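[1] Build the 3D model from these lines:
(one chain, ligands or ions: 1)
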Amino acid sequence: MKLYDFELAANAQRVRVFLAEKGLEVPIEQLNVRDDDQFAEPFSSMNPFHCVPFLQLDDGTVIAESMSICRYLEELHPEPALFGRTAEERAVIDMWLRRFELDGFIPMLHAVRNHVPMFAGRVVPGTRTDLPQLPEMVTRGKEMMEIFLGRVEPHMAQNEFVAGPEFTVADITGFFTVRMTVPMEMDLATSYPAVAAWFAKVSARPAFQV
Ligand SMILES: N[C@@H](CCC(=O)N[C@@H](CS)C(=O)NCC(=O)O)C(=O)O
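    Model (predicted):
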């Protein structure tokens with residue numbers, strides 16, 4: 001198998017942190033998505049969504065989507081279990097993964113893409129369009145993130161990690177969701193001290209030094 005990666009891409013980093021937490025190594029090839037490598041062949045055909053990361057298996061199957069790649073690797077290498085062991089653990093972890101992705105990551109992704117000058121002309125990941133950057137999407141994305149963080153704060157005040165007492169893949173997605181508050185200059189420490197404390201704790205893990 002081979003993982004197609006870009007060192008600076010948050011979604012690719014999600015997979016690399018997962019690999020490091022698992023103690024796994026896989027062959028990696030860098031695609032520079034800022035230089036449009038993903039639109040050249042054979043990569044364009046391998047992942048027509050034109051994003052990293054994607055994993056090509058030895059039989060040619062391509063798995064894109066960072067969390068799908070992680071689930072596949074977890075099936076091959078169950079320990080340490082990062083997606084849970086019991087039906088209950090798996091469901092709770094999946095719930096938090098979906099909450100972070102849908103209610104935090106996606107709104108913030110659109111806020112960042114519509115704000116940071118580097119993303120002009122590329123507001124939708126894996127596309128090059130003349131769609132303009134919309135300030136309204138920045139405002140709304142940050143507003144949605146504030147609502148989400150307001151819901152997460154009391155939970156994090158009572159829990160060591162996102163899905164409970166143990167570190168899981170939900171902390172990986174959680175970290176990359178909350179990290180987007182940095183370029184958007186959102187004040188985490190004052191309004192969400194429990195989230196900020198959890199974020200600092202997770203940031204210090206060796207696997208997160210990507
Ligand atoms: N939902 C996908 C998102 C992948 C994605 O958005 N990747 C970005 C980097 S973080 C990318 O490759 N963008 C290329 C581009 O915008 O052209 C996943 O979780 O893997």
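
[2] Up against the ligand, what does this structure have?
    When proximity is defined by C-beta under 6 Å from any ligand atom, the chain lies next to the ligand at 9-11, 33, 38, 50-53, 65-66, 122, 125-126. For every residue, glycine as well, the C-beta is placed using N, CA and C.

[3] switch the cut-off to 5 Å
    Residues of the chain lying close to the ligand by C-beta under 5 Å from any ligand atom are 9-11, 33, 51-52, 65-66, 125-126.

[4] Can I get these in TSV including secondary structure and neighbour count?
    Formatted as TSV, the residues of the chain next to the ligand follow (DSSP: H, G, I helix; E, B strand; the rest coil; neighbours: other C-beta atoms under 10 Å):
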residue	secondary structure	neighbour count
Ala9	coil	20
Ala10	helix	17
Asn11	helix	21
Val33	coil	22
Cys51	coil	21
Val52	coil	27
Glu65	coil	17
Ser66	helix	28
Pro125	coil	16
Gly126	coil	15
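
[5] which pair in those spans the largest distance?
    Val33 and Glu65 (15.3 Å; C-beta to C-beta).

[6] Contacts for the helix or strand of the chain with the lowest mean pLDDT next, please.
    Here the helix or strand of the chain ranked lowest by mean pLDDT, DSSP states H and E is helix 188-191, holding a mean of 94. Helix 188-191 is contacted from outside by 146, 149, 153, 178, 181, 195-196, 199, using C-beta atoms under 8 Å, 6 or more residues apart in numbering.

[7] how far is that helix from where the chain is centred?
    22 Å (C-alpha atoms, centre = their mean, to the nearest Å).

[8] One more: stretch 71-91?
    18 Å.

[9] Repeat that for stretch 111-123.
    Worked out by C-alpha atoms, centre = their mean, stretch 111-123 lies 17 Å from the chain centre.

[10] same thing with stretch 73-92?
    With C-alpha atoms, centre = their mean, you get 18 Å for stretch 73-92.

[11] Return the closest of the contacts of helix 188-191 with respect to the ligand.
    Distances from the ligand to the contacts of helix 188-191, taken as C-beta to the nearest ligand atom, are shortest for Val178 (15.6 Å).

[12] Return the set of buried residues in the longest helix along the chain.
    Ranked by residue count, the top helix of the chain under DSSP state H comes out as helix 135-158. Going by neighbour count (16 or more other C-beta atoms under 10 Å), the buried part of helix 135-158 is 137-138, 141-142, 144-145, 148-149, 152-153, 155-156.
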